[in-house]
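> Structure here, sequence nowhere to be found:
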């Protein structure tokens, strides 16, 4: 169907529209799990710190 | 022994057991990789058909290929809303903490799907209709859906008490359900610039077989993706909201 990569990327003159749609879609779908992973790391770090703080409290008293 | 105990023991699977965040957290963790694999498989097959198998459209040229993400994103934006409202409603009825957390975890993906539907629609509308945006019934009701998602998230974020936030959000989500059939039937009820449904349950689809397959595979990919991301987010929300509990303190990822 496509004779060359250039033809594929041109999308019959609609390259801007097709690739803007697919590009933003890919970006959103990739960033979403990454942002969740960052949020999860933050809460786990907080939980670990709280655990440590509790242990120090117990040891010092 | 009380009667209620017998009742829950006699059933094959006690579903209420899974409504406890402590039980659900590890189960969700095991399911996530499975849904990511399905997302990748359906996505690879769907993209292959979208770009290398489906023939060029006689009227719209290559621009029509936007359909392969536009329609799945639109479907998911509506479907996720219904699932979110159902979870919110369950939370309201049974007062289970996990249901409300599920609703909360689904809202951002639904909002992104609604955004993608509008975005890809704009980039399809520009070359085909000559306009990025028109105040057409289909487009406007989809925009309202995006605002419903954003309103649900904003309302929950604005209320400090999580249980009250859950209740207020659930009512908003349930009232907003009325918008979903409006979006779906808008192309029938009003004379819209937006084309009619490409796939319907009652008629043969108005498109080539290969195009239909590409769209369905992409829809499955988006569906599995939404489940994977939803489970990831609900696990994070569980940790945040159950931070004070003993079982969270005893988790391996917290201990080590």
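Arrived safely, thanks for sending. Since the structure is predicted, the reported quantities are computational estimates derived from the model, not experimental observations.

> Contact residues of chain A facing chain B?
Residues of chain A found near chain B (C-beta under 8 Å from any C-beta of the partner chain) are A:1-2, A:8, A:11-14, A:17-18, A:20-22, A:24-25, A:28-29, A:32-33, A:36-37, A:39-40, A:43-44, A:46-48, A:50-51. In this view, the C-beta of every residue, glycine as well, is placed from N, C-alpha and C.

> Out of the residues you listed, which end up buried?
Buried by 16 or more other C-beta atoms under 10 Å in any protein chain shown: A:11, A:14, A:17-18, A:20-22, A:24-25, A:28-29, A:32-33, A:36, A:39-40, A:43-44, A:47, out of the residues of chain A next to chain B.

> Which ones among these map onto helices?
Among these, the residues falling in helices (DSSP state H) are A:17-18, A:20-22, A:24-25, A:28-29, A:32-33, A:36, A:39-40, A:43-44, A:47.

> Count the neighbours of the nearest residue to residue B:225 once chain neighbours are set aside for me.
Spatial nearest neighbour of residue B:225, chain neighbours left out: residue B:39 (4.5 Å); criterion: C-beta to C-beta, 6 or more residues apart in numbering or on different chains. By other C-beta atoms under 10 Å in any protein chain shown, 21 other residues sit near residue B:39.

> Residue B:39 and residue B:228 touch, don't they?
Yes - between residue B:39 and residue B:228 a contact is recorded at 5.9 Å, counting by C-beta atoms under 8 Å.

> how much space is there between the nearest residue to residue B:132 once chain neighbours are set aside and residue A:17?
Closest residue to residue B:132 apart from its sequence neighbours, by C-beta to C-beta, 6+ apart: residue B:122 at 4.5 Å. Between residue B:122 and residue A:17 the computed distance is 9 Å (C-beta to C-beta, to the nearest Å).

> Low-confidence regions, the stretch 1-150 of chain B specifically.
B:1-13, B:15 (pLDDT under 70).

> Which residues of it lie near chain A?
By C-beta under 8 Å from any C-beta, the residues of the stretch 1-150 of chain B that approach chain A are B:51-52, B:55-56, B:61-63, B:65-66, B:69-70, B:73, B:108-109, B:112, B:115-116, B:119-120, B:123-124, B:126-127.

> any idea how far residue B:171 is from residue B:154?
The gap separating residue B:171 from residue B:154 is 14 Å, by C-beta to C-beta.

> what do you get for residue B:246?
As judged by C-beta to C-beta, residue B:246 and residue B:154 stand 33 Å apart.

> Looking at those two, which is more packed in?
Using other C-beta under 10 Å, the more surrounded residue of residue B:246 and residue B:154 is residue B:154, with 12 against 8.

> Need phi/psi at the closest residue to residue B:67 other than its chain neighbours.
Once flanking residues are discounted, residue B:67 sits nearest to residue B:215: 6.5 Å by C-beta to C-beta, 6+ apart. Backbone geometry at residue B:215, expressed as degrees, to the nearest 10, gives phi -70, psi -40.

> mind listing what the most centrally placed residue in chain B touches?
Nearest residue to the geometric centre of chain B (C-alpha atoms, centre = their mean): residue B:80, 2.6 Å. Residues near residue B:80 by C-beta atoms under 8 Å, 6 or more residues apart in numbering or on different chains: B:106, B:109, B:110, B:113, B:226.

> how about the residues of the stretch 151-256 of chain B near chain A?
Residues of the stretch 151-256 of chain B found near chain A (C-beta under 8 Å from any C-beta) are B:225, B:228-229, B:232-233, B:235-236, B:239-240, B:243, B:248-249, B:253-255.

> Just to be sure, the residue nearest to the centre of chain B is in a helix?
Yes - remark: residue B:80 belongs to a helix, assigned using DSSP: H, G, I helix; E, B strand; the rest coil.

> ok, how many other residues are close to the closest residue to it other than its chain neighbours?
Nearest residue to residue B:80, sequence neighbours excluded (C-beta to C-beta, 6+ apart): residue B:110, at 3.8 Å. By other C-beta under 10 Å, the residues close to residue B:110 number 26.

> Not including adjacent chain positions, what is the nearest residue to residue A:1?
Leaving aside its sequence neighbours, residue A:1 sits nearest to residue B:52 (C-beta to C-beta, 6+ apart; 6.5 Å).

> what separates the one you found from residue B:153, distance-wise?
Noted for residue B:52: a distance of 38 Å to residue B:153, by C-beta to C-beta.

> Repeat that for residue B:104.
Distance check for residue B:104 against residue B:153: by C-beta to C-beta, it reads 8 Å.

> So between those two, which is more surrounded?
More crowded of residue B:104 and residue B:153, by other C-beta under 10 Å: residue B:104, with 25 against 16.

> which residues does that one contact?
Residue B:104 makes contact with B:156, B:166, B:169, B:234, B:237 under the criterion C-beta under 8 Å, 6+ apart.

> Only the buried residues of whatever helix or strand it lives in, if you could.
Assessed by DSSP states H and E, residue B:104 sits inside helix B:97-129. If you call a residue buried by 16+ other C-beta under 10 Å, then helix B:97-129 has these buried ones: B:97-128.
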